[in-house]
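Student: below are the sequence and a predicted model; questions follow.
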Amino acid sequence: MTNDTAQPDLYLLSGVSPALEAALAERFTLHRKDPPATTRAIVGGGSSVIDTALLDRLPALEIVAIHGVGYDGIDLAATRARGIAVTTTPDVLTDDVADLAIGLMLAVQRRIVANDRAVRDGGWSVDLSRRASGRRIGIFGLGRIGKAIARRAAPFARELHYTACSAKPEFAGVFHADIASLAAACDVLVIAAPGGDATSHIVDAAALAALGEDGILVNIARGSLIDETALIAALAAGTIAGAGLDVFADEPSVPDALKAMDQVVLSPHQGSATVDGRAAMAALVVANLDAHFSGKALLTPL
């Protein structure tokens, strides 16, 4: 596309990198608030909300390009009914998110953050940590990211367990039909399932109790999957041993109680936040938009 006054209107529904914004500005007229009714494209993040109220304001909308893999905030029934295409950026962020899951798992069990803080404060004597190898590791959600986590977790695992929509005969792990059974079978529970109503607060007090006092919880999915109040209570009471969290219920707000706990490692939603990953995500967003406005097949449609 050439840079002229006929550029289509695009609504930036979330923040993007300077490089992606520059690439979009070459192709579109960008709007950061109050998008006009002539808006033909939206670029949003994995937590963006695109509901019928917004769609009704944008009758010319043709495509939603999500900079991420989450789409639980999008009313897909409404976009489909209006013939609006929706794309995400799968695969290019899978390795980065899976790497962080393992990093959080190790950091919690070996008390890496707490020990770092102790040394920086002039200390040397610290509490003993937990062995990270030989653990029973469970993964809730066996999509692209869940499978990538499983591959990385396998060398640490005495046993691999998982929950998915159905058993996966090709996967070398023990299938559990629900999270309560999965949590009871595991020492480490990694949450890697999509958000949305079906999984809201699925990690509740009962699941945490099943995980047990030696159990570790890791969440790189969505904050909505965990009952945060129940998690704080479980950590405070020693119902579980610790948690590694990259996502939260009300981002960017993080409860002070979690910040005060040495057995918790916190990360500001950085799963895909590598230079390499974000560049690949941006390139895929642009490629999907270019394909759509050139009348070609989308690369990664939902």
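Tutor: Yep, it's here. Residues are numbered from 1 along each chain as shown.

Student: the chain: strands as residue ranges?
Tutor: Along the chain, counting by DSSP state E, strands occupy 9-12, 29-31, 39-45, 63-67, 85-87, 135-140, 157-163, 174-175, 188-191, 216-219, 242-245, 264-266.

Student: now do the residue positioned nearest the centre of the chain against residue 141, distance only.
Tutor: Using Cα atoms, centre = their mean, the residue of the chain that lies closest to the mean C-alpha position is residue 221, 3.6 Å off. Separation of residue 221 from residue 141 (Cβ to Cβ, to the nearest Å) stands at 7 Å. All C-beta spots, glycine's among them, are computed from the backbone N, C-alpha and C.

Student: residues making contact with stretch 82-89?
Tutor: 46, 55, 61-71, 74, 76, 79, 280-281, 284-285, 288, 292, 298-302 (Cβ atoms under 8 Å, 6 or more residues apart in numbering).

Student: can you check stretch 67-80 too?
Tutor: Contacts for stretch 67-80 (Cβ under 8 Å, 6+ apart): 14, 16, 20, 43-52, 55, 64, 66, 85-86, 88-90, 93, 144-145, 194-196, 222, 224, 272, 281-282, 285, 302.

Student: quick one: buried ones out of those residues?
Tutor: 16, 20, 43-48, 50, 55, 64, 66, 85-86, 88-90, 93, 144-145, 194-195, 222, 224, 272, 281-282, 285 (16 or more other Cβ atoms under 10 Å).

Student: now the lengthiest helix in the chain and strand 39-45, what's the angle there?
Tutor: Longest helix in the chain, counting residues (DSSP state H): helix 275-293. Relative orientation of helix 275-293 versus strand 39-45 (axes from the mean of the first three to the mean of the last three Cα atoms, to 10 degrees): 160 degrees.

Student: quick one: helix 275-293 to chain centroid distance?
Tutor: From the chain centre to the centre of helix 275-293 is a distance of 18 Å (Cα atoms, centre = their mean, to the nearest Å).

Student: what about residue 11, how many residues nearby?
Tutor: Using other Cβ atoms under 10 Å, residue 11 is surrounded by 24 other residues.

Student: who's it bridged to?
Tutor: residue 31, residue 42 (DSSP bridges).

Student: tell me the pLDDT at it?
Tutor: pLDDT, the model's per-residue confidence, is 98 for residue 11.

Student: so how far is residue 80 from it?
Tutor: Using Cβ to Cβ, residue 11 is found at 19 Å from residue 80.

Student: who are the contact partners of residue 258?
Tutor: Per Cβ under 8 Å, 6+ apart, neighbours of residue 258: 232, 235, 243, 245, 264, 266.

Student: what's the overlap in contacts for residue 221 and residue 141?
Tutor: Counting by Cβ under 8 Å, 6+ apart, the contacts common to residue 221 and residue 141 are 191, 192, 193, 194.

Student: would you convert those into CSV that also reports pLDDT?
Tutor: Formatted as CSV, the shared contacts of residue 221 and residue 141 follow (pLDDT from 0 to 100):
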residue, pLDDT
191, 98
192, 97
193, 96
194, 93
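
Student: tell me which of the residues you listed is nearest to residue 160?
Tutor: Using Cβ to Cβ, residue 192 comes nearest to residue 160 of the shared contacts of residue 221 and residue 141, at 12.9 Å.

Student: who's in contact with that closest one?
Tutor: 101, 139, 140, 141, 142, 143, 145, 146, 149, 220, 221.

Student: could you export these as a markdown table, including distance to residue 184 and pLDDT?
Tutor: What follows is the contacts of residue 192, written out as a markdown table (distance: Cβ to Cβ, whole Å; pLDDT from 0 to 100):
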| residue | distance to residue 184 | pLDDT |
| --- | --- | --- |
| 101 | 21 | 98 |
| 139 | 15 | 98 |
| 140 | 13 | 98 |
| 141 | 17 | 97 |
| 142 | 18 | 96 |
| 143 | 23 | 94 |
| 145 | 23 | 96 |
| 146 | 19 | 97 |
| 149 | 20 | 98 |
| 220 | 22 | 98 |
| 221 | 20 | 96 |
